[in-house]
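>>> Compute the structure for the input listed below.
(one chain, ligands or ions: 2)
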Amino acid sequence: MHLSVRQKDSLMRHGVAISIDGPSASGKTSLAYALASRLGTRVLDTGLTYRAVAYAASRGPLPPDGRLFDVLRHELAAPGARPALPAVVYHGEDITDAIWSAEVEQQLRFISADPAWRRDITDHHRAIIGGHERMIVVGRDCATTLMTNADCHVFLTAMEAVRRERRRAQYRTQPERAVNVGPVTRLDDITREHVSRQPRGLVLDTTFLPTPAAVRAVLHHLGECR
Ligand SMILES: Nc1ncnc2c1ncn2[C@@H]1O[C@H](COP(=O)(O)OP(=O)(O)OP(=O)(O)O)[C@@H](O)[C@H]1O
Ligand SMILES: Nc1ccn([C@H]2C[C@H](O)[C@@H](COP(=O)(O)O)O2)c(=O)n1
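Ligands and ions are numbered 1, 2, ... in the order given. A predicted model of the protein is given here:
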């Protein structure tokens, strides 16, 4: 079922807040931008900040008290659009591509496991969201942190082998990009469990579900929730 013209008009006029969580290559970003272009919404991909902080850590010691975000900028695109490059800037340098390297991937596990960094990054995201509270936020914990009051909480899952193959295919022509996709993490499990218990929660397995079908499922769910 699709949203009625009136429902869609209302979503576009009043805005909509959606959290999309799930493991690597489950299709979060693809779903987020497909929904954003249908609903005229902005997207915040929180994973980009974790990657940017890991990049900065791989370049030298980091200030622990949030001052890093004076020099690390994460640009949001206009509603309904993907960000034009540069989307992530560190000390004036465009690091949008560099944050996907294998070296950054090594640092990521330390940054995402550190409660102090998680707190600082989440605070930074709250500041980015600021005036644009009606938006789509993508990550691993958005349903439980930034977007607890979202109109709809989506958790995407997909078989590990399928996720790994997607990432390999995605970066076939970019050998400098890390392609390691791991198993579902404890944080993913916690978020999934949380989303599955929410009245506005929707858990979708994208293993055999293309993005347009996932978009339809979310729009249908939004129609039911409102
Ligand atoms: N539902 C789907 N069916 C098949 N392929 C998909 C689907 N969703 C995404 N893909 C493909 O899988 C790859 C990874 O997708 P995407 O970047 O959206 O995942 P992600 O969950 O945001 O990953 P990450 O968390 O690592 O940023 C892309 O090449 C994308 O085209
Ligand atoms: N809200 C978030 C977003 C991301 N992370 C971690 C998980 C990954 O190690 C890394 C990159 O995320 P991805 O681009 O693969 O979505 O950042 C997190 O812990 N919490």
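
>>> mean confidence score for stretch 166-183?
The pLDDT scores in stretch 166-183 average 89.

>>> Is any residue of that stretch near ligand 2?
No - using Cβ under 6 Å from any ligand atom, we find that stretch 166-183 stays clear of ligand 2, coming within 8.4 Å at best. Any C-beta I mention is one placed from the backbone N, CA and C, and that applies to glycine too.

>>> do the same with stretch 27-39
No - Stretch 27-39 stays out of contact with ligand 2 when judged by Cβ under 6 Å from any ligand atom, the minimum separation being 6.6 Å.

>>> can you list contacts of that stretch?
8, 11-12, 16, 18, 20-22, 41-43, 45, 79-82, 136, 138-139, 154, 156, 158, 166, 206, 211-212, 214-215, 218-219 (Cβ atoms under 8 Å, 6 or more residues apart in numbering).

>>> quick one: contacts for Ala98?
Listed by Cβ under 8 Å, 6+ apart, the contact set of Ala98 reads Tyr55, Val104.

>>> Look at it and report its pLDDT.
At Ala98, the pLDDT value in this model is 94.

>>> swap in Val43?
As summarised for this prediction, Val43 has a pLDDT of 94.

>>> got the contact list for the residue most central in space within the chain?
When the chain is reduced to its mean C-alpha position, the nearest residue by Cα atoms, centre = their mean turns out to be Val138, at 2.2 Å. Residues counted as contacts of Val138 (Cβ under 8 Å, 6+ apart) are Ser19, Ile20, Asp21, Lys28, Thr29, Ala32, Val43, Leu44, Asp45, Thr46, Gly47.
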